[in-house]
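**Student:** Quick one: sequence and predicted model below, then my questions.
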Amino acid sequence: MEMYKWFKIWPNYLPYTIDYPELNISKMLEISSSLYSYRDAVIYYGNRIKYRDIGREIKNLSLFIKSKGIKKEDRVGIMMQNSPQFIISFFAIARSGATIVLMSPALDYNTASYILKETNLKMIITTSELSKIPEKLHEEFSIPVVCGSLSDYIRDPDIPVPEFIRSENPVVGIPWKEALKQREGEIEYSLKMEDEALIAYTSGTTGIPRGCVHTNRSVIANSIGASVWRRLTSSANELGAAPFFHVTGLAFSMLSPIYSGATVTILTRWNSEAAIQAIEKYKITHFVSVAPMIVDLLNQKELEKRDFSSMRFIGGGGAAMPKVLAERMEELFHIPFVEGYGMTEAMGQTHINPPEHRKLQCIGIPQFGYDAKIISTETGKVVKDETGEIVVSGPSLFKGYLNKPEDTEKAFVTINGRKFLRTGDIGYMDEDGSFFVVDRVKRMINRAGFKVWPAEIDSLMLRHPDILEVCTVGTPDPRVGEEVKAYIVLKNSGKDRNIKEMEIIAWAKENIGGYKYPHIIEYTDILPKTASGKVDWKKLQDKERKTLT
């Protein structure tokens with residue numbers, strides 16, 4: 001076995017690789033339901049749903065899906081926010097032998113219809129607050145729609161419930177309760193690891209969505225890896241706040257705890273007070289977040305009076321976690337903040353920090369069975385002690401982009417006979433084998449021939465005591481080609497002091513210096529976010545380019 005550089009900081013209680021079981025997605029839930037039938041699978045605003053009960057509803061829904069003539073590898077879409085219905089639908093589709101298609105709750109009609117046509121969807125499962133687009137798709141394409149209401153699973157809530165969950169929205173298509181009626185019968189389904197199991201969509205730099213085709217093997221490998229690395233057991237309770245339709249939330253907040261027979265405490269929409277109360281009331285042990293959640297949580301008052309003693313693991317994924325936020329989380333929870341890194345094409349994480357050797361602003365080391373290298377952005381050759389594009393190889397990589405063979409071919413590079421996925425992220429590896437991301441290849445700002453990496457500037461700007469959020473972009477400039485500009489959301493302290501843009505620029509010049517610091521500042525009340533909670537830098541970058549064309 002090859003001895004990688006990062007093995008010297010590898011957790012001494014973990015093996016270097018995992019022998020993954022011959023398991024499909026459906027069996028993962030069935031095994032947990034059998035072993036832990038008496039345990040809470042889900043807590044939904046106080047409603048505790050046992051593994052045996054969720055297993056029964058999955059069986060009924062899978063038989064309903066099968067009764068509609070849906071065959072193995074037909075595709076069924078899930079268009080939902082985090083909810084018990086999401087988990088039930090996910091495993092029921094897998095149990096029926098069909099392929100799961102993850103659809104963002106924030107999809108516009110044109111993108112949703114594009115996905116429907118590209119995947120040849122046979123059914124969509126949704127909830128009533130999101131039913132307008134599925135209903136329109138049904139009217140145009142005659143696709144069956146199963147629709148539930150989030151309020152169906154609300155029972156005597158003991159933490160704050162979002163108002164939209166309680167509101168009455170019309171149920172379209174086939175009612176959820178009809179689809180879940182008890183049915184007799186069994187389903188014969190394949191246990192093959194290489195069968196198509198899931199399609200998750202990611203947007204390329206053109207904005208055209210690309211479907212990443214995953215197998216049972218890639219989904220299972222990622223789920224087990226997330227569990228083993230975090231020492232997740234059946235006694236754990238995971239805060240399911242990161243969006244399930246996105247691979248970070250799906251792998252860490254849903255699949256990993258279910259594989260372990262643990263409990264998932266679901267928040268349909270992020271609310272910091274609801275999250276804190278959930279941690280206190282339900283004794284949450286594990287929480288993987290995205291940066292906007294942490295910003296919001298840390299903004300709450302009198303946090304030192306709240307009880308976070310149950311927490312055993314906190315981490316971040318999906319986007320780089322600024323160092324200042326991670327440090328404040330560690331002060332609050334008294335445990336290391338563990339950052340990871342992954343891609344939709346890898347079904348989630350490829351790298352994660354060892355808790356005992358965590359480094360902030362670091363994506364960590366390659367996970368079980370993974371290899372990673374740095375290649376030159378100019379020559380494509382492997383480089384050492386230099387910055388370049390990160391490429392990865394491992395057990396959870398996708399088969400390819402749906403119906404896009406040319407894009408699939410471009411996504412990979414072969415090194416010493418092994419296929420590596422090009423991440424599109426620029427980074428470097430240190431002397432311990434830890435990897436650091438500098439920025440996206442496409443996001444780099446070229447200021448007078450010098451490279452500026454916006455993610456680095458974002459992190460540095462957050463050290464300013466009056467800045468709550470920041471997004472750095474390039475703006476066209478006749479003198480230097482691209483100038484460095486920062487969109488900033490101020491804390492109340494900055495607003496109260498009426499701090500001027502030039503004061504921020506002067507601070508940045510002194511603390512960042514050189515050519516890198518933002519020369520232009522624009523205040524905004526809110527930064528645009530993607531459906532998965534990341535700051536949508538593309539939207540702001542496009543705005544700059546359109547403004548000056």
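**Tutor:** Noted; the coordinates are in hand. Residues are numbered from 1 along each chain as shown.
**Student:** So for residue 306, what's the nearest residue that isn't a sequence neighbour?
**Tutor:** residue 276 (5.5 Å; CB to CB, 6 or more residues apart in numbering). In short, each C-beta sits where N, CA and C put it, glycine included.
**Student:** which residues touch that neighbour?
**Tutor:** 297, 300, 303, 306 (CB atoms under 8 Å, 6 or more residues apart in numbering).
**Student:** Let's test this: mean pLDDT of the one helix or strand it maps to, rounded?
**Tutor:** Using DSSP states H and E, residue 276 maps to helix 272-282. Average pLDDT, helix 272-282: 97.
**Student:** and what of stretch 77-87?
**Tutor:** If you average the pLDDT over stretch 77-87, you get 98.
**Student:** In helices, which of the contacts of residue 276 appear?
**Tutor:** residue 297 (DSSP state H).
**Student:** circling back: buried stuff in the helix holding residue 276?
**Tutor:** The neighbour-count check on helix 272-282 (16 or more other CB atoms under 10 Å) flags 272, 274, 275, 276, 278, 279, 282 as buried.
**Student:** the domain parsing of this structure - what is it?
**Tutor:** Following automatic domain parsing, one finds the domains of the chain at 31-369, 447-547.
**Student:** I'd guessed residue 343 sits against residue 350; true?
**Tutor:** Yes. Using CB atoms under 8 Å, residue 343 is in contact with residue 350, at 7.0 Å.
**Student:** And those two? Which one has more around it.
**Tutor:** Neighbours around residue 343 and residue 350, counted as other CB atoms under 10 Å, are more numerous at residue 350. The numbers are 30 against 21.
**Student:** Give the closest residue to the more buried one in space, chain neighbours not counted.
**Tutor:** Using CB to CB, 6+ apart and skipping residues adjacent in sequence, the residue nearest residue 350 is residue 392, 4.6 Å away.
**Student:** and that neighbour, how many neighbours?
**Tutor:** 25.
**Student:** quick one: average pLDDT of the helix or strand hosting it?
**Tutor:** Using DSSP H and E, the element containing residue 392 is strand 388-393. The pLDDT scores in strand 388-393 average 95.
**Student:** circling back to that earlier point, comparing the domains of the chain, which comes out most buried?
**Tutor:** domain 31-369 (a mean of 20; mean count of other CB atoms under 10 Å).
**Student:** which helix is the longest one in this structure?
**Tutor:** Ranked by residue count, the top helix of the chain under DSSP H comes out as helix 51-67.
**Student:** After that one, which helix or strand is next?
**Tutor:** Downstream of helix 51-67, the first helix or strand assigned by DSSP H and E is strand 75-79.
**Student:** same for the helix or strand following that following strand, what does it pack against?
**Tutor:** Next helix or strand after strand 75-79 toward the C-terminus (DSSP H and E): helix 84-96. For helix 84-96, the packing partners by 3 or more CB pairs under 8 Å, 6 or more residues apart in numbering; DSSP states H and E come out as helix 25-35, strand 40-44, helix 51-67, strand 75-79, strand 99-103, strand 121-127.
**Student:** any residues touching the third one, and which ones?
**Tutor:** Applying CB under 8 Å, 6+ apart, the external contacts of helix 51-67 come out as 26, 29-30, 32-33, 36-42, 76, 84, 87-89, 91-93, 95-98, 123, 146, 179-185, 187, 261.
**Student:** Could I get the CA-only coordinates of stretch 138-148 as PDB?
**Tutor:** Below are the C-alpha coordinates for stretch 138-148, written out as PDB (Å, rounded to 0.1, in the frame of the first residue of the first chain):
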ATOM      1  CA  HIS A 138     -47.700  18.200 -14.700                       C
ATOM      2  CA  GLU A 139     -49.800  20.400 -16.900                       C
ATOM      3  CA  GLU A 140     -47.300  20.600 -19.700                       C
ATOM      4  CA  PHE A 141     -45.700  17.100 -19.600                       C
ATOM      5  CA  SER A 142     -48.500  15.000 -17.900                       C
ATOM      6  CA  ILE A 143     -45.900  13.800 -15.300                       C
ATOM      7  CA  PRO A 144     -47.400  12.400 -12.100                       C
ATOM      8  CA  VAL A 145     -46.900  14.500  -9.000                       C
ATOM      9  CA  VAL A 146     -47.100  13.200  -5.400                       C
ATOM     10  CA  CYS A 147     -47.600  16.100  -3.000                       C
ATOM     11  CA  GLY A 148     -47.500  16.300   0.800                       C
END
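**Student:** Let's see the distance spanning stretch 402-413 from one end to the other.
**Tutor:** With CA to CA, to the nearest Å as the measure, stretch 402-413 spans 19 Å from end to end.
**Student:** Of the domains of the chain, which shows the lowest average pLDDT?
**Tutor:** domain 447-547 (a mean of 86).
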